[in-house]
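Colleague: Show me the folded form of this:
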Amino acid sequence: MSQVNITVEEFVNTYRDIIGGAADSQCSIDLINKARIIAYPMSDFDGSMAYEPIGVNLGGRLVLPAHLDTIRLARYCNGKGVEISRDEYMDSVYFESCMEDILVRMEGKSYLPFVLDIDNQYPMYFFAVNMHDAGKVMEVSYIDAAGTHHDEEVTLLPNQAVTRLRHAPSKVNRIKKGSTKGRIGVSVNQLTEYLEARDKVPTYSVYCTNDVCSCYLAIKAKKKYIPYTLDDLNEVLDVNPEALSTLIIAVKKKSSNPQNWFQEYSATVEIARKFLAAEVRNKENTRQGIQAVTFDNAFMDSIEQP
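Modeller: Now for the predicted structure:
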């Protein structure tokens, strides 16, 4: 969350003069999501980061939870740091290093919340946790052990009853489930994990480590951008409110003035960047609790006035 603790609904009500709609309006949520898309790649601001323990399986694999994208820092529970390689590793079968303990990101994405054995001969099951998701249909694209491609629809059953894929998958290429009320369970060979409710097309980042003895790593990771919905009005806003409201102005400038939007858009985005940078400095600075966003005259003069 941002250092300014405010919900999505409170943000819309506070900045309604900028947003132009009510909190329960889909147009307001769409506008906020467009602005968040700009904010997320800007920097590792407070609301876009998470600190969590991550389990390492026996093969030295770490599958990040659905809401995390990239590991920034990693430590063992004893405080020892782990180097994170800048290179992506292409071979998803095996990894070994003669160097210090190291984390390597696997190339591409996984579409399951765990690493599936390429020689898998076990069936895969799906089930709904929330009773209101019974009857909803998921689409699963996968390859079986014989190398045959399948596009299969899975209908979720009531009372957490399981639905089985017709063939044992050796690789899952895509799962499309839409937004659900609760999490969706997926099981293979006594292993059960869950697809998050808000994740419509689940994807997961996979890392590999040469230290297969450790059970957990403590990580600092960049969150994955996930759009808000009308069900998220009580969620704590992840972007600094002043930065986000400024980015909404930028989005509006881009859409309302397609001929000459670039200068005003760029200048407004730069203001938002300064707000986010100031929030990061405030968190890292132990001697000064609040550090204001400052702009020089040359910068302010560069913004074209209406």
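
Colleague: any idea how far G182 is from R281?
Modeller: 40 Å (CB to CB, to the nearest Å). Every C-beta, even on glycine, is put in place using the N, C-alpha and C of the backbone.

Colleague: now swap in D117 and tell me
Modeller: For D117 relative to R281 (CB to CB), the value is 46 Å.

Colleague: now E153
Modeller: In terms of CB to CB, E153 sits 50 Å off from R281.

Colleague: again, but for A250
Modeller: 22 Å.

Colleague: Tell me which of the two has more neighbours.
Modeller: A250 (22 against 12; other CB atoms under 10 Å).

Colleague: Leaving aside the residues adjacent along the chain, what's closest to that one?
Modeller: Sequence neighbours aside, T268 is the residue nearest to A250 in space, at 4.0 Å (criterion: CB to CB, 6 or more residues apart in numbering).

Colleague: mind checking which helix or strand the one you found is in?
Modeller: Taking DSSP states H and E as the definition, T268 sits inside helix 262-284.

Colleague: could you point out which element follows the helix or strand where E153 lies?
Modeller: For E153, the enclosing helix or strand under DSSP H and E is strand 149-155. Counting by DSSP H and E, the next helix or strand C-terminal to strand 149-155 is strand 163-164.

Colleague: Which other helices and strands does that next one contact?
Modeller: strand 124-128 (3 or more CB pairs under 8 Å, 6 or more residues apart in numbering; DSSP states H and E).

Colleague: The strand it packs on: how far from the chain's middle?
Modeller: Its chain's average C-alpha position is 23 Å from that of strand 124-128, according to CA atoms, centre = their mean, to the nearest Å.

Colleague: Where do the domain boundaries of the chain fall?
Modeller: 8-37+233-286, 47-110+205-223, 124-195 (automatic domain parsing).

Colleague: worst average pLDDT in these?
Modeller: Mean pLDDT is lowest for domain 47-110+205-223 among the domains of the chain, at a mean of 77.

Colleague: Tell me which helix or strand A50 sits in.
Modeller: Here A50 is assigned to strand 49-55, by DSSP H and E.

Colleague: List the neighbouring strands of the helix or strand just after that strand plus their orientation.
Modeller: From strand 49-55 onward toward the C-terminus, using DSSP H and E, the following helix or strand is strand 61-63. Within its sheet, strand 61-63 is paired with strand 206-209 (antiparallel), according to DSSP bridges.

Colleague: what's the strand it pairs with in contact with?
Modeller: 56, 60-64, 71, 82, 89, 92, 95, 101-106, 109-110, 115, 217 (CB atoms under 8 Å, 6 or more residues apart in numbering).
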